[in-house]
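Q: 3D model of this:
(one chain, ligands or ions: 1)
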Amino acid sequence: AKGSVVTTPINSEDEAYDAPVSIGTPAQPFNLDFDTGSSDLWVFSSLTPSNERNGQNIYTASRSSTAKQLSGESWKISYGDGSSSSGLVYSDVVTIGGLTAAGQAVEAASRVSQSFTSESATDGLVGLAFSSINTVSPDQQTTFFDTVKPSLASPVFTADLKHQAPGTYNFGFIDKSAFTGSITYTPVDNSQGFWGFTSTGFQVGNNDFQQESITGIADTGTTLLLLPDDVVNAYYSSVNNAQNDQSAGGFTVPCDTSLPDFSFGVGNNGAMITIPGSLMNLGPSGSGNSCFGGLQSSGTIGTNIFGDVALKAAFVVFDSGSQGQPQLGWASK
Ligand SMILES: NCc1ccc(-c2ccco2)nc1
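A: Numbers count the residues shown, from 1 in each chain. Okay, here's the model as predicted:
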């Protein structure tokens with residue numbers, strides 16, 4: 001089987017990307033944030049207090065003839081951005097891009113944090129990291145990808161995110177028309193449950209390539225590109241009037257400045273993914289006439305995060321590997 005679903009930026013800053021998902025019988029429609037940085041499929045629900053809702057679609061299990069509560073099971077998750085949610089668990093039919101997962105764990109929120117409440121465009125998340133970090137307790141559940149994997153023509157999914165335009169998540173196949181050149185594969189370390197890999201280094205504009213192992217995760221659910229301070233300083237020291245503005249929450253640049261490209265190395269054949277300078281500006285920072293940089297410090301997080309700013313410049317293959325060794329494929333587009 002194969003699936004394909006269109007994913008769309010939720011606002012003018014490409015802050016997150018949602019895609020349509022149907023749950024239950026008859027189908028209940030949702031717009032969910034596909035997140036390769038987590039492994040829970042959760043939705044706003046009839047259990048979510050009305051004062052924590054703000055127009056989101058809600059899942060009502062009692063209206064689905066195929067819903068079954070997983071008795072005694074619950075979930076609770078918190079994310080790197082400080083947001084969180086928790087609730088109860090059902091199994092139900094989940095359809096994405098023509099692919100149907102029967103008996104998929106659907107995590108119904110009985111509470112969500114303020115930032116989820118405020119984000120009216122997002123009805124929940126589809127976790128696409130490894131099932132080893134799914135939070136359902138006492139019986140851990142599988143991600144949508146793991147649930148449908150046996151039925152897929154190939155055990156892969158791909159992400160093709162775009163700047164201010166619809167992109168695509170495909171399941172079970174690689175669309176050769178979606179990228180240029182060849183795909184460079186690199187091994188994945190999934191010991192922490194993420195799509196972890198090591199970039200070979202970086203390049204600011206047309207400066208020399210700086211060889212430096214940068215270990216991080218490919219995370220569609222994070223907006224920014226979060227890298228070590230030496231990389232971030234090298235980039236912004238090349239931008240006139242860039243400043244590290246704590247009140248803005250990081251590096252800002254003058255909004256009318258053309259920014260250098262930023263490239264990062266992948267694989268052992270010298271391949272690079274180049275983010276055009278125009279995509280390194282995320283728009284008004286909220287203070288002065290400055291704009292917020294798409295590259296920020298990974299600081300004390302403990303890992304580097306190749307979020308949407310980086311992924312938007314690439315066609316990315318999340319390959320769980322038929323022989324057990326998962327890998328990431330990177331291609332320009
Ligand atoms: N990296 C996972 C993730 C995704 C979305 C969100 C979020 C917060 C408010 C709206 O959406 N938080 C965390």
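
Q: tell me which residues in the lengthiest helix in the chain are buried?
A: Assignment by DSSP state H gives helix 229-236 as the longest helix of the chain. Within helix 229-236, the residues scored as buried using 16 or more other CB atoms under 10 Å are 231-232, 234-236. Bear in mind the C-beta positions are built from the backbone N, C-alpha and C, glycine included.

Q: Now do N233 against F209, distance only.
A: Separation of N233 from F209 (CB to CB, to the nearest Å) stands at 17 Å.

Q: list the contacts for the most centrally placed residue in the chain?
A: The chain has T220 as the residue nearest its centroid, 1.6 Å off, counting by CA atoms, centre = their mean. Listed by CB atoms under 8 Å, 6 or more residues apart in numbering, the contact partners of T220 are 17, 34-37, 128, 159, 161, 307-308, 311.

Q: Filter those residues down to the buried ones and hand me the PyMOL line.
A: Typed into PyMOL, the next command selects the buried ones out of these (criterion: 16+ other CB under 10 Å):
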select buried, resi 17+34+35+36+37+128+159+161+307+308+311
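
Q: taking the contacts of T220 one by one, which sit in strands?
A: The strands, defined by DSSP state E, take in 17, 34-35, 159, 161 from the contacts of T220.

Q: Residues of the chain that sit close to the ligand?
A: 16, 33, 35, 37-38, 79-81, 83, 115-116, 119, 122, 125, 221-222 (CB under 6 Å from any ligand atom).

Q: Any of those buried? List them.
A: If you count burial by 16+ other CB under 10 Å, the buried members of those come out as 16, 33, 35, 37-38, 79-80, 83, 116, 119, 122, 125, 221-222.

Q: Pick out the residue of the stretch 151-300 of the chain closest to the ligand.
A: G221 (3.3 Å; CB to the nearest ligand atom).

Q: Run through the residues that contact the closest residue to that residue other than its chain neighbours.
A: Ranked by CB to CB, 6 or more residues apart in numbering and with sequence neighbours excluded, the top spatial neighbour of G221 is D35, at 2.9 Å. Neighbouring residues of D35 by CB under 8 Å, 6+ apart: 125-129, 219-221.

Q: just F145 next, same as before
A: 128, 157, 171, 318, 320.
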